[in-house]
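S.K.: below are the sequence and a predicted model; questions follow.
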Protein chains: 4
Amino acid sequence: MHVIVDFTVVPVGTGVSLSEYIAACENVLAKSGLTYELHANGTNVEGEWEEVFSAIRHCHETLHAMGVPRIHTDIKLGTRTDRLQTMADKVSSVKGKLG
Amino acid sequence: MHVIVDFTVVPVGTGVSLSEYIAACENVLAKSGLTYELHANGTNVEGEWEEVFSAIRHCHETLHAMGVPRIHTDIKLGTRTDRLQTMADKVSSVKGKLG
Amino acid sequence: MHVIVDFTVVPVGTGVSLSEYIAACENVLAKSGLTYELHANGTNVEGEWEEVFSAIRHCHETLHAMGVPRIHTDIKLGTRTDRLQTMADKVSSVKGKLG
Amino acid sequence: MHVIVDFTVVPVGTGVSLSEYIAACENVLAKSGLTYELHANGTNVEGEWEEVFSAIRHCHETLHAMGVPRIHTDIKLGTRTDRLQTMADKVSSVKGKLG
């Protein structure tokens, strides 16, 4: 099952700066081989369900190993059976309709 | 890795009433053996990472098999390494501090 | 416009225990006069759009005044024009369809 | 209070294609004067709290006026008191730490 995901990792109980941890997750994604893109409030990823959620789990494991005691993560995900759609398709579909 | 999750499944491209589909997901959870609780805007679940995400995937598969062409799902999840905490612990911890 | 909301406040850059802050938000809601209910991963609230978002803003202001330097909040919200629906309606509608 | 937001609008009870509605929200944002950026799973916006939430409300009103009977929206938001941060700052802070 192909899934398109947006996820945001929020380390809790560390300092106020989180970019070091977000960068560690980006490195996890880079090694995963999945298509992903960082944005101002999270990261978009697409791929097979198991691979995407395995990467998010690996991100949690990596941050806990860095000493983060608690992690809150938000995930928004979409699956559809009517047609295959990529993240790039979603953006271009909206941009094609802007007045 | 123990995880506490809140998830909300939003079937898209069907009718305006969604309770039939939410009920189908509750039945998936009932069969999973996981601890879960329906609330007004989603369902809370706790358990091992793989089992929880497997149940959410099974929920997607069930709804697609019912004819839902597109599903948007929100997941909020928490993991922590400092101590084991249950969903019941979280609620009672807050309630104990209410003025 | 009537809105049903689930929101989760995640204080960042404080300690690993967050219940003190969640309790402070519950007190904000208690004073707001809105219908609300704490659950294991957030709080459900319903009411007029302006009142609900004003309460969430007041919650942010309260936590910052308590010394929290950074807050991440998730909100899921629903509006509908086909009929008026309460949080209690949503839960009973699903429970009525459970097999 | 300055806020950085990611939001995703999910029209329910219409067809399976949603890009027409997302484009209508982008037009609401364009008229708002706020800084915003569409991505594959939502839109990032920053500005003063009242202006940002007023724009999201206006988006709901616009879609209901287009005939959408029910809307589910996700919002992730951040406020901080330690320093002023923009959406561009957040992305460049992470990118500067990538190995």
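M.R.: In hand now; what should we look at?
S.K.: show me what contacts A:E51?
M.R.: With contact taken as CB atoms under 8 Å, 6 or more residues apart in numbering or on different chains, A:E51 is in contact with A:S32, A:L34. For glycine as for every other residue, the C-beta is placed from the backbone atoms N, C-alpha and C.
S.K.: again, but for A:V16
M.R.: Applying CB under 8 Å, 6+ apart to A:V16 gives the contacts C:V12, C:G13, C:P69, C:R70, D:R80, D:D82.
S.K.: can we see that at 10 Å?
M.R.: Contact analysis of A:V16 by CB atoms under 10 Å, 6 or more residues apart in numbering or on different chains lists C:V12, C:G13, C:T14, C:V68, C:P69, C:R70, D:R80, D:T81, D:D82, D:R83.
S.K.: now swap in A:K97 and tell me
M.R.: Contacts of A:K97 (CB under 10 Å, 6+ apart): D:S19, D:E20, D:Y21, D:I22, D:A23, D:A24, D:E26, D:N27.
S.K.: check it and give its pLDDT.
M.R.: Listed pLDDT for A:K97 reads 96.
S.K.: A strand includes it, no?
M.R.: No: using DSSP: H, G, I helix; E, B strand; the rest coil, the secondary structure at A:K97 is coil, not a strand.
S.K.: in space, what's closest to it - neighbours in sequence excluded?
M.R.: Sequence neighbours aside, D:A23 is the residue nearest to A:K97 in space, at 3.7 Å (criterion: CB to CB, 6 or more residues apart in numbering or on different chains).
S.K.: ok, back up a step: which of the contacts of A:V16 are close to chain A?
M.R.: Contacts with chain A within the contacts of A:V16, as defined by CB under 10 Å from any CB of the partner chain: C:V12, C:G13, C:T14, C:V68, C:P69, C:R70, D:R80, D:T81, D:D82, D:R83.
S.K.: and the strands in chain A?
M.R.: A:2-12, A:35-39, A:42-48, A:70-80 (DSSP state E).
S.K.: chain center to the third one, what's the gap?
M.R.: Taking CA atoms, centre = their mean, to the nearest Å, the mean C-alpha location of strand A:42-48 is offset from the chain mean by 5 Å.
S.K.: next one: the closest residue to A:M87 other than its chain neighbours from chain C, what distance?
M.R.: Sequence neighbours aside, D:A40 is the residue nearest to A:M87 in space, at 3.6 Å (criterion: CB to CB, 6+ apart). Distance of D:A40 to chain C, given as CB to the nearest CB, to the nearest Å: 19 Å.
S.K.: follow-up on the earlier one: chain D is nearest to which of the strands of chain A?
M.R.: strand A:2-12 (3.5 Å; CB to the nearest CB).
S.K.: the closest one near chain D at all?
M.R.: Yes: for strand A:2-12, a contact with chain D is found by CB under 10 Å from any CB, at A:I4, A:V5, A:D6, A:F7, A:T8, A:V10.
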